[in-house]
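Trainee: build me a model from this:
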Amino acid sequence: MTGHIHQNPDDYVAEVLKLYLKLPETPRKANTNDKITAAGLYERGIQMTTIESAFLLASVRRLGRSPDLPPLSPIRSLAYFIPVIQEILEKQVNDDYLKYLRMKVRSLCSRNRIATECG
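Mentor: Numbering: from 1, shown residues only. You can find the predicted model right below:
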């Protein structure tokens, strides 16, 4: 995973969408609005590590919810992650935190028996 903005916006958008679609509880394929949202992230200069951290943090929060609470509906849009991306930008997380989030998502997917690639 690179920590810089790709020179080619199409490659950047493709990588964002690939990460997004690998997450638990996301659609099987991206729609036009997802592509527009990913292009907007490119225009803002958001680094791929920031995006991945936000995706994983949101997934950890969703997967780690108490089983006593009503289930959340599936994520239907890449835009769902925009507030978490902003949160990550404000906190300036490091590579160790990203590694922790990857491990936590895998652990929660296993615990919740989610049959997706899960981070």
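Trainee: contacting residues for the most centrally placed residue in the chain?
Mentor: By C-alpha atoms, centre = their mean, the chain has its centre lying nearest to F55, at 1.9 Å. Counting by C-beta atoms under 8 Å, 6 or more residues apart in numbering, F55 touches L19, Y20, L23, F81, V84. In this view, the C-beta of every residue, glycine as well, is placed from N, C-alpha and C.
Trainee: show the pLDDT at the fourth one.
Mentor: Per-residue confidence for F81 comes out at a pLDDT of 97.
Trainee: assign it to helix, strand or coil.
Mentor: The assignment at F81 comes out as helix when based on DSSP: H, G, I helix; E, B strand; the rest coil.
Trainee: my guess is it contacts A58, does it?
Mentor: Yes. F81 is within contact range of A58, at 5.7 Å (criterion: C-beta atoms under 8 Å).
Trainee: the more surrounded of these two?
Mentor: F81 (25 against 22; other C-beta atoms under 10 Å).
Trainee: distance check, L17 against E87.
Mentor: 21 Å (C-beta to C-beta, to the nearest Å).
Trainee: looking at these two, which one has more neighbours?
Mentor: Neighbours were counted for L17 and for E87 using other C-beta under 10 Å; L17 has more, 18 against 15.
Trainee: do you know the pLDDT at that one?
Mentor: 97.
Trainee: helices of the chain, residue ranges please.
Mentor: Along the chain, counting by DSSP state H, helices occupy 9-22, 32-44, 48-63, 82-91, 95-111.
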